[in-house]
Every structure is written in C-alpha cells, then in structure tokens.
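[1] Pasting the sequence and the predicted coordinates here, then a few questions.
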Amino acid sequence: TSVTDYDGNVYHTVAIGNQCWLRENMQTTHYSNGDAITLSNGTSTNTAYYYLPENTSSDAGLAGYLYNWVAVMNHENPTETGSAYIQGVCPEGWHVPSNEEWIRLQTFLRGKDEYVCGDERSNVAKSLAINTTWNVSSNFCAVGNDLWLNNSTGFTAFPAGYAHGNSMDYGRSARFWSSTQYNNVFAYYCMLNYDNSSVIRSNYGEKTCGMSVRCVSADAPKVTLSTISDITDTSAIGNGEVMDTGGAPVTEKGLCWSSGHFPTLADSHIACGNGMGSFSGLLSGLTMGTTYYVRAYAINMVDTSYSNQISFVTLNKPTVITAVVANITESTAVSGGNVTYDGGTTVTARGVCWSTSQNPTINDSHTIDGNGTGSFTSSMTGLAHGTTYYVRAYATNILGTGYGNQVTFVLVDVPTVITNVVSFLDSSAIY
C-alpha cells in the first residue's frame, strides 16, 4: 500500500512485526493541514525548519528532508514519556514514533534470527539499512560492510546524515527523530552508522539539529476491565483503564453491557471520557436478579478495542424454601424453611407466615427466626382447630421480602367422648 502527503509525495509501507512503517524518509514541505515549513540553513528552537541533506537538491529523493525538532512536532508540547500521539510532520493517520516504538522495533528484530548478523543479538542494523549509498566499512556485520546483505526487513533506512545549520554526514549515518523528549534541549533519536552493527538510541538529540523522520501507523488501543463494584438491584459501577492509546488519540472510552456474552457498542453502553488512564462508569437500568456481562471499550482512529469480560448478578430478594408442617396439635404446629440465596446482600429476618387465606405475607401472623442463609425451624401458635391454614417461609433483605412455596395443613377437630355412669341394680339385672 502507499500513502500520499500534502505535497503529493508518495510513500510505500512496510510491516515489521506488528508495526507498520513508511519505507521512505519524509520529504514534505507542508503539514497535512497545508501550513508551510520553512527551508533553512540556520538553527531555531521556535521556528519550524527543514533542511536539504548534504549533496542533494530540492528533490531529495530517497534521502528525504531533515527537520528540526519544532518542525517534526508541529509545535506540539510533548510529554517526557512520549506516550502522546504526535502526528507532527507525518501524513494523516500516521505519527512520529515514540522512543518506546523504536525500542519495540529493535526488540522484535533481535528476536528473529533472519534479522540478526553474526552471534550478537544486537546486530540488527543491517536488516534496516538500504543496500546502497553507505560508506564502506571493513567491520564485520557493520551497515557499510557487504551492502548486498542489507535491508532484509524492507525498512530501507537511507544515510541522509543530519544538519546543524549546515548539512553533514551524508552516507555515514541515518538519524531518526522520536516524539519523546529528554528535556527542553534534547530529545530521543535512533541512529544507524555505516561503521556499526547495532541500532544506536540516544537521548541527546539536540532539538536545533535537523534529522530524518520515519512515520509509523497507529494500532488499536488496549483497554482492560478491572472490577465491577457497588452492585444494586438496578445498577452497578464498572472500573476500567486504557493501558495503551495505540499511538493515536483515544477519542472515547467507556463500558458496554448486556445479558448476553461479549457485549459491544450495539448493546447498552456509557462513554466515560477519552485519552489514557483509569475511568469508571454507572451501569444503569438493570433488572433485579439478572446476570450481566460487561466489557470496557476504547476507540481511536484505527479501531474500537474491547477488554476482558466480567459478569455479575444484580441484587435480588432472597430465595427461600418452605418446610413441611409437622407436630400438629389442637392449637400449634411446626414448620420452617431454608434460605438458599440471600439475593446478594444480608438477610436481616426470616421465618414463616400463615393465614386462613392463600399466599400469606408478613402482614399476617408470622414468626421471626433469626437471620442469614440456611435452615431454620418455626413454631406456629394460637391456631384454631378444624381450620385450614396456608403457610409460606419468608426471608427479608434490603430489597424486600422473598417468599417460599405455599404449604397447606388442617388443624383437625379433636373428637369429644362422653362416658356414661354405670349403675348396679341387682344380681339378676341385665346390663
């Protein structure tokens, strides 16, 4: 694929590991919004300058142009970590690589045998360097030694040198800015030298110098969901964090949820700001006693990323089972129940309730037999014989009272027996 800048220059791309880079040095005289960059042979910390590399004309070709720090950054105020997205002099959708992104490139190359020269894992400079133009070196594995072995990655690093007022070092070095500053005077940069075999990174890139610029595309952001807290019957709080912007501004971050697995922005969701860092959001409009699945999300210009999934159950009334009625007398009986689920919060009271009408509640006759989950026994008193009663166990938490299944029993009348008096008349009486 290719990318075109404001001036119409066409750049090709190359994928190395999970990064995508421009394969040529930047050669634009304008930012993507059309603002011009000044050609100069002076130095400045305030004015954006570009420079012609040594031995080149206005059409620098593969050498590209050299840019001072303020030009590279397009007057952006960088952070010392370089984590902020800096488009700077790069085309739309691309950015100036941070020091961390240069490190990521080196780390990937060192882990691949095909990019390493000799026995030292750090000898990866040749894999990035173009196979022409470099000064010749006799050092084994140096960029300038055996040029035909160069550029196995396709990165095509060109030795355009650098500028400090005047341009110099053409053919000897390729120096690339990062977006990470060291202090007000220096910034990090990455260098290949014709006489060295490793990639050199330094935090002493003087900001008034002109160096080459390579651009890298953004990745999707990385976001994680840490906890779900403050769960009620209708709401909860989700807590997430954007760990990596992917090199582009995170324009929105938030939470999405559903009663089905792996929710997306097509489901219920809430935006919780933008950028890096931690965030929290209210999951509202939930249904009591329902299992929900939550993921955090983050959006940048490349893609929408989703986090790990966490599930939770909203609070509910307790669940309780009514025990059979036993030990029935003419005015008492024994029942009870088993609180099998507290609804996600403390059961403050439990017992049985009874009535001569169906579906009794705690507004009818009832017992109070402790709290919490588990089995309990209840004694019903003051019953009337010959009467049908309806019984339900109950359990109460902060959300209300849950009732168990209904059990019916009858307090049977006790038979009345009358014994007559026996009289003895005489020995011949019939009785």
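    Great, that's in hand. Residues are numbered from 1 along each chain as shown.
[2] now the helices for the stretch 251-400 of the chain?
    Under the criterion DSSP state H, counting those that start in this stretch, the stretch 251-400 of the chain contains no helices.
[3] wait, I meant the stretch 101-250 of the chain
    Listed in chain order (using DSSP H, counting those that start in this stretch), the helices of the stretch 101-250 of the chain are 125-128.
[4] so where's it shaky on pLDDT?
    By pLDDT under 70, the weakly predicted segments of the stretch 101-250 of the chain are 247.
[5] Try it again at 50.
    Regions of the stretch 101-250 of the chain meeting the criterion pLDDT under 50 are absent.
[6] now the most centrally placed residue in the chain: how far from residue 259?
    Of all residues in the chain, the one closest to the mean position by Cα atoms, centre = their mean is residue 223, 1.9 Å from it. Plainly put, residue 223 is 22 Å away from residue 259 if you go by Cβ to Cβ, to the nearest Å. For glycine as for every other residue, the C-beta is placed from the backbone atoms N, C-alpha and C.
[7] ok, residue 107 - contacts?
    Neighbour list for residue 107: empty [criterion: Cβ atoms under 8 Å, 6 or more residues apart in numbering].
[8] how about stretch 234-250: buried residues?
    With burial defined by 16 or more other Cβ atoms under 10 Å, the residues of stretch 234-250 counted as buried are 236, 238-242, 244-250.
[9] quick one: the strands in the stretch 251-400 of the chain?
    In the stretch 251-400 of the chain, strands defined by DSSP state E, counting those that start in this stretch lie at 252-258, 268-271, 277-283, 291-299, 304-313, 319-322, 333-341, 349-355, 365-366, 374-380, 387-397, 400-411, listed in chain order.
[10] May I ask which two of the buried residues of stretch 234-250 are separated the most?
    By the measure Cβ to Cβ, those have their two most distant members at 236 and 247, which lie 32.4 Å apart.
[11] For residue 121, find the nearest of the strands of the stretch 251-400 of the chain.
    Comparing the strands of the stretch 251-400 of the chain by their distance to residue 121 (Cβ to Cβ), the top pick is strand 304-313, with 31.4 Å.
[12] Give me the angle between the closest one and strand 291-299.
    Angle, strand 304-313 to strand 291-299, by axes from the mean of the first three to the mean of the last three Cα atoms, to 10 degrees: 160 degrees.
[13] Show me what strand 304-313 is packed up against.
    Applying 3 or more Cβ pairs under 8 Å, 6 or more residues apart in numbering; DSSP states H and E, one finds that strand 304-313 makes contact with strand 222-229, strand 291-299.
[14] what's the most buried one of those strands?
    For the helices and strands packed on strand 304-313, ranked by mean neighbour count under the definition mean count of other Cβ atoms under 10 Å, the leader is strand 291-299 at a mean of 23.
[15] circling back: and which of the buried residues of stretch 234-250 is nearest residue 50?
    Ranked by distance to residue 50 (Cβ to Cβ), the buried residues of stretch 234-250 are led by residue 247 at 23.3 Å.
[16] Please report how far residue 293 lies from residue 267.
    Note on residue 293: its distance to residue 267, by Cβ to Cβ, is 9 Å.
[17] same question, residue 23
    For residue 23, the distance to residue 267 (Cβ to Cβ) stands at 41 Å.
[18] can you tell me which of the buried residues of stretch 234-250 are in strands?
    Taking DSSP state E, the ones among the buried residues of stretch 234-250 that sit in strands are 236, 238, 239, 240, 241, 242, 244.
[19] For the closest residue to residue 158 other than its chain neighbours, list the residues it contacts.
    Spatially, and ignoring its direct neighbours in sequence, residue 158 is nearest to residue 62 (4.8 Å; Cβ to Cβ, 6 or more residues apart in numbering). With contact set as Cβ under 8 Å, 6+ apart, residue 62 has these partners: 24, 25, 130, 133, 156, 158.
[20] Residues in contact with both of residue 293 and residue 267, list them for me.
    Between them, residue 293 and residue 267 share these contacting residues under Cβ under 8 Å, 6+ apart: 257, 258, 260.
[21] And these, which of them are buried?
    Neighbour counting over the shared contacts of residue 293 and residue 267 (16+ other Cβ under 10 Å) leaves 257, 258 as the buried ones.
[22] For the shared contacts of residue 293 and residue 267, give me JSON lines that also has pLDDT.
    Written out in JSON lines, the entries for the shared contacts of residue 293 and residue 267 read as follows (pLDDT from 0 to 100):
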{"residue": "257", "pLDDT": "98"}
{"residue": "258", "pLDDT": "97"}
{"residue": "260", "pLDDT": "96"}
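[23] Nearest to residue 171, out of the shared contacts of residue 293 and residue 267: which one, please.
    The shortest separation between residue 171 and any of those is 59.3 Å, and it belongs to residue 257 (by Cβ to Cβ).
[24] out of everything not next to it in sequence, what's closest to the closest one?
    The shortest distance from residue 257 to any non-neighbouring residue, by Cβ to Cβ, 6+ apart, is to residue 294 (4.5 Å).
[25] show me the contacts for that neighbour.
    225, 228, 236, 238, 255-257, 263, 283, 309-312.
[26] I figured residue 158 was touching residue 174, is that so?
    Yes - here residue 158 lies in contact with residue 174, judged by Cβ atoms under 8 Å, at a distance of 6.0 Å.
[27] The two: who's more crowded?
    residue 174 (32 against 25; other Cβ atoms under 10 Å).
[28] ok now do that one, which residues does it touch?
    Counting by Cβ under 8 Å, 6+ apart, residue 174 has contacts 129, 157, 158, 159, 160, 191, 192, 212.
[29] Turn those residues into CSV, including distance to residue 166.
    Output for the contacts of residue 174, formatted as CSV (distance: Cβ to Cβ, whole Å):
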residue, distance to residue 166
129, 24
157, 22
158, 19
159, 17
160, 14
191, 19
192, 21
212, 16
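[30] which of those lies closest to residue 185?
    Nearest to residue 185 among these, counting by Cβ to Cβ, is residue 191 at 18.0 Å.
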